[in-house]
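K.L.:
Structure for this input, please:
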Amino acid sequence: METTQNEGTRRPAPSELMQQLKPVGRPRLNAEGGRKPLKRTTGSYTNQLKLDAATHLERYGNMKATIKLFWPNLDKKSYESRRKLVSDWKRNKAKLVKACSTSAGKLRKKERKPGTATIIPKDAELEIVDWINDLRQEGVPISTLMLQLKADEVATAWGVEKFYASWNWQDKFKNRHNLSMRSRTRQGQKPPEELQAIRAAFAAKVSATMDSLGISTVYNADQTAAFFEYLPKKTLNKRGPKTVWVRCAGKSKERATVMLLGDNHGRKYTPFVVFKAQPSKDPKRILENKQKRRGFGIYVWEEIEELHEAYDLECFGNPKGWWNHELSVEFLHFHFGKREDMQRPVLLLWDDFSGHWTEDVRRCARELNVELLKVPEGATSVAQPADVAWNAPLKSRMRGLWINFLREQLKRHAKDTGDPFCMDPPNRRIVANWIAQGWEMLSPATIANGFKKCGYGDIDSDADFDRTE
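P.N.:
Presented below is the predicted three-dimensional model:
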């Protein structure tokens with residue numbers, strides 16, 4: 001009998017057991033799942049919506065229809081409060097029409113009469129203006145946060161309670177006192193007046209050195225960075241999103257070092273380019289690459305030789321892609337070691353970079369009869385022709401070549417396929433081409449006027465050293 005009962009008892013299926021179990025976690029707030037619907041029905045409304053609702057009520061005279069049009073899902077409990085709002089908007093329609101006369105007024109949700117906010121006295125504002133002028137005379141940068149903290153401090157000193165230097169107050173304050181946030185165009189420890197005095201003194205020193213050496217030609221060499229990507233700092237984008245994403249090719253930080261050389265007659269010379277080169281793990285191979293292949297490996301050197309044949313460049317490689325004293329020696333030998341009259345001295349202006357002034361570089365310069373003159377520290381922006389006239393237009397032209405490179409990729413990208421756009425990074429050959437083209441685009445007048453602007457002669461008004469096309 002027991003056997004019959006055991007055989008007749010059915011064991012529940014796993015699915016039935018799962019249905020009998022209580023759900024784990026928080027219970028669902030509604031049958032369809034998702035978040036609990038908001039119960040709040042109040043809110044603030046723009047002047048344009050207020051005006052539209054008041055106009056609709058005035059035209060049709062039906063409050064229920066107006067409320068249903070603008071708040072179709074409004075519950076019965078909130079009807080009375082919304083009716084009072086619309087009635088009030090209708091009574092103040094003239095004010096709403098005036099407020100909506102401007103684009104900013106249409107989007108504004110509250111109207112407040114001028115002077116109703118908590119402000120500080122005019123004398124207190126003048127105290128802030130004096131503080132700003134004193135700091136700017138010393139070259140101290142003033143951010144919006146510094147202005148806010150100073151305004152709060154002055155308000156407390158003048159006994160103004162509940163004052164807050166908001167963005168709106170700061171904008172009005174700047175407009176009242178002819179102030180604006182400006183981008184810095186130069187930074188350093190020395191003020192502009194002192195820099196001009198240094199420039200004049202150094203120009204006199206250069207002229208005296210040229211007279212003592214009996215020469216009429218002066219050279220300037222300077223290294224600058226050539227980046228693989230020139231991503232802009234700003235982009236067009238829809239208003240609203242806090243995150244503005246920009247696609248890159250993964251080489252926005254990679255760069256090559258370019259050493260430029262020109263003279264006061266407008267002549268340009270072969271640039272030296274230093275790329276990053278992965279060193280070999282074999283110490284013997286490292287020495288071999290350095291002696292025979294300028295720091296590059298066997299296979300990469302084949303590509304570098306092609307670059308030498310295609311462009312007027314001298315390419316080198318090291319692990320960091322930076323300039324050093326060994327390259328300075330190589331640079332002096334290449335440009336000044338095989339000139340026709342070695343007895344005639346050469347004057348070369350170099351900045352205070354440590355790799356230009358080591359003992360082996362000085363010794364090499366003496367052997368080649370090259371007089372090295374150091375540009376004053378911290379004054380290259382006014383006393384070095386390359387910084388004054390060459391580097392900015394060169395980088396501007398390279399940026400334009402990168403944009404053309406990006407546009408060509410966009411043309412090749414087939415939008416109909418639905419595949420996302422993938423930005424390809426430029427290789428060494430492309431960057432070398434940009435450097436060669438950019439340097440070739442600079443006119444002789446630009447090179448010469450770099451020297452003239454530093455005080456070595458009259459400036460040609462037709463030069464384009466300050467253009468950034």
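K.L.:
Angles on the backbone of Met146, please.
P.N.:
Met146 adopts backbone torsions of phi -60, psi -40, taken as degrees, to the nearest 10.
K.L.:
Low-confidence ranges, the stretch 151-300 of the chain, go.
P.N.:
For the stretch 151-300 of the chain, not a single residue meets the criterion pLDDT under 70.
K.L.:
Would you map the strands across it?
P.N.:
218-227, 255-263, 272-276 (DSSP state E, counting those that start in this stretch).
K.L.:
Also the stretch 351-469 of the chain?
P.N.:
For the stretch 351-469 of the chain, the strands defined by DSSP E, counting those that start in this stretch cover 370-374.
K.L.:
just to revisit the earlier point, so for Lys233, which of the strands of the stretch 151-300 of the chain sits nearest?
P.N.:
Closest of these to Lys233 is strand 218-227, at 13.1 Å (criterion: CB to CB). The way it works is simple: take the backbone N, C-alpha and C, and place the C-beta from them, glycine included.
K.L.:
in its sheet, what does the closest one sit against?
P.N.:
If you go by DSSP bridges, strand 218-227 pairs up with strand 255-263 (antiparallel), strand 346-350 (parallel).
K.L.:
would you turn those into TSV with mean neighbour count?
P.N.:
Below are the strands paired with strand 218-227 laid out as TSV (neighbours: other CB atoms under 10 Å):
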stretch	mean neighbour count
strand 255-263	22
strand 346-350	22
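K.L.:
Quick one: those strands as JSON lines, columns for distance to His325 too.
P.N.:
Below are these laid out as JSON lines (distance: least, CB to CB, whole Å):
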{"stretch": "strand 255-263", "distance to His325": "13"}
{"stretch": "strand 346-350", "distance to His325": "12"}
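K.L.:
Compare the ones you listed and report which one is nearest to Thr209.
P.N.:
strand 346-350 (6.0 Å).
K.L.:
quick one, that closest one and strand 370-374 angle?
P.N.:
Computed by axes from the mean of the first three to the mean of the last three CA atoms, to 10 degrees, the angle separating strand 346-350 from strand 370-374 equals 30 degrees.
K.L.:
which other residues reach strand 346-350?
P.N.:
Contacts with strand 346-350, where a contact means CB atoms under 8 Å, 6 or more residues apart in numbering, come from 206, 209-210, 213, 215, 217-222, 336, 339, 356-357, 365, 368-375, 384-385.
K.L.:
change it to 7 Å
P.N.:
209-210, 213, 215, 218-221, 336, 356, 369-375, 384 (CB atoms under 7 Å, 6 or more residues apart in numbering).
K.L.:
List only buried entries from the residues you listed.
P.N.:
209-210, 218-221, 336, 356, 370-373, 375, 384 (16 or more other CB atoms under 10 Å).
K.L.:
and of the residues you listed, the nearest to Ala124?
P.N.:
Using CB to CB, those come closest to Ala124 at Gln384, 45.5 Å.
K.L.:
gap between the closest one and Phe353?
P.N.:
Going from Gln384 to Phe353 by CB to CB, to the nearest Å gives 11 Å.
K.L.:
same check, this time on Ala392
P.N.:
Between Ala392 and Phe353 the computed distance is 19 Å (CB to CB).
K.L.:
circling back to that earlier point, distance to Pro283 added to the strands of the stretch 151-300 of the chain, as JSON lines?
P.N.:
Output for the strands of the stretch 151-300 of the chain, formatted as JSON lines (distance: least, CB to CB, whole Å):
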{"stretch": "strand 218-227", "distance to Pro283": "28"}
{"stretch": "strand 255-263", "distance to Pro283": "25"}
{"stretch": "strand 272-276", "distance to Pro283": "20"}
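K.L.:
JSON lines for the buried ones among the contacts of strand 346-350, including distance to Ser443?
P.N.:
Below are these laid out as JSON lines (distance: CB to CB, whole Å):
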{"residue": "Thr209", "distance to Ser443": "27"}
{"residue": "Met210", "distance to Ser443": "24"}
{"residue": "Val218", "distance to Ser443": "19"}
{"residue": "Tyr219", "distance to Ser443": "18"}
{"residue": "Asn220", "distance to Ser443": "16"}
{"residue": "Ala221", "distance to Ser443": "19"}
{"residue": "Phe336", "distance to Ser443": "24"}
{"residue": "His356", "distance to Ser443": "27"}
{"residue": "Val370", "distance to Ser443": "27"}
{"residue": "Glu371", "distance to Ser443": "28"}
{"residue": "Leu372", "distance to Ser443": "27"}
{"residue": "Leu373", "distance to Ser443": "26"}
{"residue": "Val375", "distance to Ser443": "23"}
{"residue": "Gln384", "distance to Ser443": "19"}
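K.L.:
from the residues you listed, which two are the most distant?
P.N.:
Met210 and His356 (19.8 Å).
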